[in-house]
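**Q** Here is my input, please return the structure:
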Amino acid sequence: MFTMTLRQQNTRLLTVSAALCIALTTTVNGSAAAASAEPEPTGQVVAWGSNYYGQSTPPASVQSGVTAVSGGLSHALALKDGVPIAWGNDSMDKLFVPIELRRGGVTAISAGNDHSLAVKNGKVWSWGEFTEPGSFLAPPPGTESGVSAVSAGYLHSLALKDGKVIAWGYGSHGETRVPSAAESGVDAISAGMYFSLALKNGEVLCWGPNNFGECNVPEEAMAGVTAIAAGSTFTLALKNGRVIGWGNNNYHQLDMPIEVDDHVVAISAGSQHSLALKDNGEVIGWWYDKQGQSTVPTVAKSGVSIISAGGYFNLAVK
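**A** Predicted coordinates:
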């Protein structure tokens, strides 16, 4: 759901993830992808956790050929043959993918709280609540071309254009006030609930209210970081194959299991839980587990190449 997106995309997956979407070789918008998972991925989506709206029941159309996924609060997106496929909570027109996107050519997707984003031919598209023309979540001027990545937060959105972060939407907490440091040279973005993240030359940049210390970037995250992921009120980063985190720890989402001390290639943060992907294709989940979102099923313990944590559910591609 709150996931990082890279400007440098994995050409094996695409020549190309959140509301509540990763190593430099990895992501596909809202998704985190493994550098080398065995066996070779077939593009099948698997899901687990909350299924109140059917968000953990992938449709038959995503059982093969999927190249990206993104989990929102209670709806899911997948990208197949350049076409976004949506399922789960259908309120606020979240599942009504614009017809122009259904014609193909989409290179980036991101699911937020009640809205979704996509990129086609460098232009940002949005649908769901508050996204109609003139509404505060409608893509702003400057996002009509040249955009390579997007990240949907709770009530705000981020886009990456030629290394510059563009932010729009609800901004009373400062989440849309992009600092000057994030106006050039940025490689990755991730939108949290009321805060925003960017990755620049291995340094994590953060802006927003910082009510839970989510923007208190520790010294070890000021260099050498290769992935970021924004949760609801906490932050994850990946450095030298090890997951580090800071911010709100009310559900122990920052109490990392020993399995994520090394060999991690991708990360993704949900509302109150976290995911990591090991270089052997195994998914690790930890802490808040009321809906089973941190209990990784057998099918996701090997062969996974992409992960995305939604609000209280998860998506993986293998």
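
**Q** Can you give me the end-to-end span of stretch 241-258?
**A** Chord length of stretch 241-258, first to last residue, is 12 Å (C-alpha to C-alpha, to the nearest Å).

**Q** Ok, stretch 190-207 next?
**A** Stretch 190-207 end-to-end distance (C-alpha to C-alpha) = 11 Å.

**Q** Now do it: distance to the chain's middle.
**A** 12 Å (C-alpha atoms, centre = their mean, to the nearest Å).

**Q** Now it: average pLDDT?
**A** Averaged across stretch 190-207, pLDDT comes to 98.

**Q** got the buried residues for that stretch?
**A** Neighbour-count burial for stretch 190-207, with 16 or more other C-beta atoms under 10 Å as criterion, is recorded at 190-200, 204-207. C-beta coordinates here come from the backbone N, C-alpha and C atoms, glycine included.

**Q** what's the answer for stretch 265-285, then?
**A** 265-279, 281-285.

**Q** could you pull out the helices for the stretch 51-200 of the chain?
**A** 99-102 (DSSP state H, counting those that start in this stretch).

**Q** check contacts around the closest residue to Y53 other than its chain neighbours.
**A** Distances taken as C-beta to C-beta, 6 or more residues apart in numbering put N89 closest to Y53, at 3.9 Å, once the chain neighbours are dropped. Counting by C-beta atoms under 8 Å, 6 or more residues apart in numbering, N89 makes contact with Y53, G54, Q55, L73, S74, H75, L95.

**Q** G163: which of these is nearest?
**A** Comparing those against G163 with C-beta to C-beta places L73 closest, at 29.1 Å.

**Q** what's the distance between that closest one and S271?
**A** Shown here: L73 relative to S271, a distance of 7 Å by C-beta to C-beta, to the nearest Å.

**Q** Check Y312 too.
**A** From Y312 over to S271 (counting by C-beta to C-beta), the distance is 6 Å.

**Q** next one: T67
**A** Counting by C-beta to C-beta, the gap from T67 to S271 is 25 Å.

**Q** Equivalent analysis for S157, please.
**A** On the measure of C-beta to C-beta, S157 and S271 end up 18 Å apart.
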